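K.L.:
Need coordinates for the following:
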Amino acid sequence: MKVHALMSIFAVLLSWVLNLNSLEWGLLCLTLGMVICAEMLNSALEYTLDLISLEQQPQIKHAKDMAAGAVLIVSIIAAIMGLILWGNKIYLLISRLVN
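P.N.:
The predicted structure is shown next:
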């Protein structure tokens, strides 16, 4: 959760520097919200399953692995969204600095 919170702050600062338009800001907010919600649901499931049993049980391990996998998928989608939102703007910024 801490890593995603730090990355969210970085994403907002980068978006501010790159001067995103309203639609891009909306997509960024939805994407960041999706990642944080997935992380919170994963944590809630893990805490709940730990209350049920602290013993190693295959069903609990599978449930935790699937929840962690969902966070991974959402994080990958967020990274792709970052490339879509920032890729061209960063390229133009770098090309202006080089020339």
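
K.L.:
so after the host helix or strand of residue 24, what's the next helix or strand?
P.N.:
Residue 24 belongs to helix 22-52 when assigned by DSSP states H and E. Towards the C-terminus, the helix or strand next in line after helix 22-52, according to DSSP H and E, is helix 58-98.

K.L.:
helices or strands up against that following helix?
P.N.:
Judged by 3 or more C-beta pairs under 8 Å, 6 or more residues apart in numbering; DSSP states H and E, helix 58-98 is in contact with helix 2-17, helix 22-52. Glycine gets a C-beta too; all of them are placed from N, C-alpha and C.

K.L.:
Just the endpoints, please. Distance across stretch 46-61?
P.N.:
10 Å (C-alpha to C-alpha, to the nearest Å).

K.L.:
three-state assignment of residue 19?
P.N.:
Classification of residue 19 using DSSP: H, G, I helix; E, B strand; the rest coil returns coil.

K.L.:
List phi and psi for it.
P.N.:
When read as degrees, to the nearest 10, the backbone of residue 19 gives phi 60, psi 60.

K.L.:
List the residues that contact it.
P.N.:
residue 89 (C-beta atoms under 8 Å, 6 or more residues apart in numbering).

K.L.:
where does it land on pLDDT?
P.N.:
Listed pLDDT for residue 19 reads 92.

K.L.:
Give me the distance between it and residue 40.
P.N.:
Here residue 19 is placed at a distance of 30 Å from residue 40 (C-beta to C-beta, to the nearest Å).

K.L.:
And residue 47, by the same measure?
P.N.:
When distance is defined by C-beta to C-beta, residue 47 is 11 Å away from residue 40.

K.L.:
between the two, who's got more neighbours?
P.N.:
Of the pair residue 47 and residue 40, residue 40 is the one with more neighbours under other C-beta atoms under 10 Å, namely 13 against 9.
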